[in-house]
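Q: I would like the atomic coordinates for the input below:
(one chain, ligands or ions: 1)
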Amino acid sequence: MMQAMAFFNTLEDHNNKNLPFVAYRKPDENVIKAFLQNDKQVYKTTNFAESGFVFSDFCGNISLLIPEEHSEVMTTAYTAEKLITETSEYIPEITNSREQKKHEELVAKAITEIKLGSMKKVVLARKEQSPTQLSALSIFKNLLQRYPKAFCYIWSHPESGIWIGATPETLVKVERNRFKTMALAGTQSYNGEIENAAWTPKEVEEQKIVSDEIVQKLKDFKVAAGSINLSDPYTVKAGNLLHIRTDISGTLENDNLSNLLESLHPTPAVCGFPREEAKEFILENEQSEREFYAGFLGEINLKQEVKRNSNRRNQENQAYASILKQSQIFVNLRCMKLSKGEAEIFIGGGITADSNPTAEWEETVNKSYTIKSVLVNQD
Ligand SMILES: C=C(O[C@@H]1C=C(C(=O)O)C=C[C@H]1O)C(=O)O
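A: Predicted structure coming up:
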């Protein structure tokens, strides 16, 4: 484990050399980990069989990889006070009525399409530009400080540019043949209440579509029969927002990560239902390319040594070590692409027959604050 200062200096040096790297902190953990690729080669994966950190786009066209075997891996203990942030001017909010109109028209078109019956839900996104004077690493430090319950990351790669985010959503975690995933949907502003938050039937329905479809896809993928466990839906807080979440776990019949990812991604939380119809609507109608927004990212096939002490008496030092392969992958939400003083923020929301275009616009505005609030200096 390195000192935080040395850790960030090393990241900075690596960044200045234009070599690929990723640094991240998992939800509720206090360790920041980084993979620093030691060459300029562009590595990709198609079968998700390598060990390393993967960064995939929404469409499934490209999965960049920072392979463990070509990287230096470093960690540091995270302590909020030690992270120094730069100063910056406050950026005033600009209300963009043209963008609002465009988004509302898009939502209205989707509602019409849904009512015609070709799909039940579609997630529509937009992109917003916001200036920032902060460096990429300062923005990352701000995220770490502000969102301890999110997966916070910075990814820098010549093929994708710099992406930074704080996502509340796990795509899948796999350990040996056990997996965990979640159905996350429905959004409202956080007003101090979590447990007693009230949800409208529209939001309950929207989230149920996600959890039903994830279970169906897992069954299609041959999750061991009868092994899927579902929690009741409950409310979770993500920054200034609340969502409805169901935890889903189970046992896999095989450990083919590639098949599992193919069956889960893109979930109806970021695409819609049915998947193909929703995806087609998105690709035809959204104003901008999603690129890596609503794609996925995370550790794949990392080996972890697990030591278990023998229970037998009179046998000291009998520790059995077993190697465990682990993958932990997140959906790339509440994220931005950073280029020269400007952040491109990607935000979306689920549309169903009962959606209201203005409310959907406001939801994307609220979601954009997760990122906007870290583009200026934190007090
Ligand atoms: C699509 C986004 O978020 C997803 C959509 C949600 C919704 O429609 O209510 C809620 C959480 C996420 O699963 C986003 O943040 O851009």
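
Q: from now on I want contacts and neighbour counts done on CA atoms only, so please keep to that.
A: Fine.

Q: quickly find the element holding S368.
A: Using DSSP states H and E, S368 maps to helix 357-372.

Q: tell me what that helix is packed against?
A: helix 97-116, strand 161-167, strand 178-189, strand 342-351 (3 or more CA pairs under 8 Å, 6 or more residues apart in numbering; DSSP states H and E).

Q: so what's the gap between the first one and the chain middle?
A: With CA atoms, centre = their mean, to the nearest Å as the basis, the distance from the averaged C-alpha position of helix 97-116 to the chain average is 25 Å.

Q: which parts of that helix are buried?
A: Within helix 97-116, the residues scored as buried using 16 or more other CA atoms under 10 Å are Q100, H103, E104, L106, V107, A108, A110, I111, E113, I114.

Q: ok, back up a step: and the helices and strands packed on helix 357-372: which comes nearest E360?
A: strand 342-351 (6.8 Å; CA to CA).

Q: does the ligand have contacts with that closest one?
A: Yes: against the ligand, strand 342-351 shows contacts by CA under 6 Å from any ligand atom at I347, G348, G349, G350.

Q: what sits closest to the third one if chain neighbours are left out?
A: Setting aside the residues directly before and after it, G349 is nearest to V123 in space (CA to CA, 6 or more residues apart in numbering), at 5.2 Å.

Q: that neighbour bridge partners, please.
A: Assessed by DSSP bridges, V123 has beta-bridge partners G350.

Q: what does the stretch 151-300 of the chain put close to the ligand?
A: Close to the ligand, as judged by CA under 6 Å from any ligand atom, the stretch 151-300 of the chain has residues L184, A185, G186, T187, A269, V270.

Q: which strand residues bridge the fourth one?
A: When bridges are assigned using DSSP bridges, the partners listed for T187 are H243.

Q: that one contacts E203, doesn't it?
A: Yes: because the distance of 7.5 Å satisfies CA atoms under 8 Å, T187 is recorded as touching E203.

Q: and the buried residues of helix 97-116, which two are the farthest apart?
A: Q100 and I114 (20.9 Å).

Q: how much space separates E344 from the ligand?
A: Remark: distance between E344 and the ligand (CA to the nearest ligand atom, to the nearest Å) = 13 Å.

Q: and the nearest residue to that residue once chain neighbours are set aside, how many neighbours?
A: Once flanking residues are discounted, E344 sits nearest to Q129: 4.6 Å by CA to CA, 6+ apart. When neighbours are counted by other CA atoms under 10 Å, Q129 registers 14.

Q: between helix 357-372 and the helix or strand containing Q129, find me the angle.
A: For Q129, the element it lies in under DSSP H and E is strand 121-131. Relative orientation of strand 121-131 versus helix 357-372 (axes from the mean of the first three to the mean of the last three CA atoms, to 10 degrees): 50 degrees.

Q: in the sheet, who's paired with I248?
A: Under the criterion used (DSSP bridges), I248 bridges to T181, L230.

Q: does it really touch R178, like I thought?
A: No: with contact defined as CA under 8 Å, I248 does not count as touching R178 (11.0 Å).

Q: these two: which is more packed in?
A: I248 (19 against 16).

Q: need the contact list for that one.
A: K180, T181, M182, A183, V215, I228, N229, L230, S231 (CA atoms under 8 Å, 6 or more residues apart in numbering).

Q: please redo it, this time with the cut-off set to 10 Å
A: If you count contacts by CA atoms under 10 Å, 6 or more residues apart in numbering, I248 has them with 172, 179-183, 211, 214-215, 228-232.

Q: next one: F346
A: Contacts of F346 (CA under 10 Å, 6+ apart): 125-129, 288-294, 332-337, 364, 367-368, 371.

Q: before we move on, what SS does S355 have?
A: The local conformation at S355, judged by DSSP: H, G, I helix; E, B strand; the rest coil, is coil.

Q: please begin residue numbering at 27 from this point
A: OK, 27 is where the count begins now, so the last one is S381.
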